[in-house]
Structure formats: C-alpha cells, structure tokens
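A.B. asks: Show me the folded form of this:
(one chain, ligands or ions: 1)
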Amino acid sequence: MKLITRRDALILTATSIVLPLSSVGMRANASAKELVNPESTTAQSLSYIAVSATDNQNCSNCQLYVSQGETAVGDCAIFPNNVVASEAWCSAWIKKAV
Ligand code: SF4
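C.D. replies: Below is the predicted model:
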C-alpha cells in the first residue's frame, strides 16, 4: 500500500481549491455575455424584439431558451455570443416541449 506523501497532500489540497474556483470563473463568463442588440443583423433578420408582441410566445417558453436561473435573461442557440431577454421574441420561436 502506497502512503500519501506530503507533496501528494499539497497537490490534492491545491486541486480541491483551484477546481471549484475555476468553475465559478466559467459561470461568471457565461453570465457576462451582453444582451442581444435588436439592431444587429441577425436580430433584424429574425425580427427579434426585446418584449414580445405575440400572445403566449416569448423566449422563456421557447424550446431554444436556456434559463440562467432567477435572472430575466437566458441563453439561446440562435445567439451564441449573447443572452436574450426572457420576455423577448424572434421568428425562430418554437414551443417549448412540456
Ligand atoms: S429562438 Fe428566438 S424566441 Fe426562441 S429563445 Fe431564441 S431569441 Fe427567443
């Protein structure tokens, strides 16, 4: 049976501290994305609007919307470099599967 050396213990301790911190950093980057600019070419081509004018259709009930928890924004595959407002809408809207 191999004993854990002091060096191994230090590496394990450092790893257990660094890995959770890097995870927090990745989440911070994801939420640092800017909101879609309705004037951008992609947004305009899909008639994206910040507040839906279509009854019962908005990003929060779209299949492509991925909530970021309790925030009013989320991710959307159509706009991978941005976040979309939960109340927004675009012509790519697809009813979220129940
Ligand atoms: S596809 Fe359009 S409606 Fe659906 S989440 Fe993305 S921006 Fe919102």
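
A.B. asks: immediately after the lowest-mean-pLDDT helix or strand in the chain, which helix or strand?
C.D. replies: Between all helices and strands in the chain, the lowest mean by mean pLDDT, DSSP states H and E belongs to helix 6-31, at a mean of 47. Downstream of helix 6-31, the next assigned helix or strand under DSSP states H and E is strand 34-35.

A.B. asks: could you say what helices and strands the next helix or strand after that next one packs with?
C.D. replies: Downstream of strand 34-35, the next assigned helix or strand under DSSP H and E is helix 41-45. Packing partners of helix 41-45 (3 or more CB pairs under 8 Å, 6 or more residues apart in numbering; DSSP states H and E): none among the helices and strands. The C-beta positions use only the backbone N, C-alpha and C, and glycine is treated the same way.

A.B. asks: how about Ser60, what does it touch?
C.D. replies: Contact partners of Ser60, counting by CB atoms under 8 Å, 6 or more residues apart in numbering, are 67, 74, 86-87.

A.B. asks: Drop anything exposed from the residues you listed.
C.D. replies: Burial by neighbour count, judged by 16 or more other CB atoms under 10 Å, picks out 74, 86 from the contacts of Ser60.

A.B. asks: and which of the contacts of Ser60 is nearest to the ligand?
C.D. replies: Closest to the ligand out of the contacts of Ser60 is Gly74 (7.2 Å), distances taken as CB to the nearest ligand atom.

A.B. asks: I'm done for today, thanks for sticking with me.
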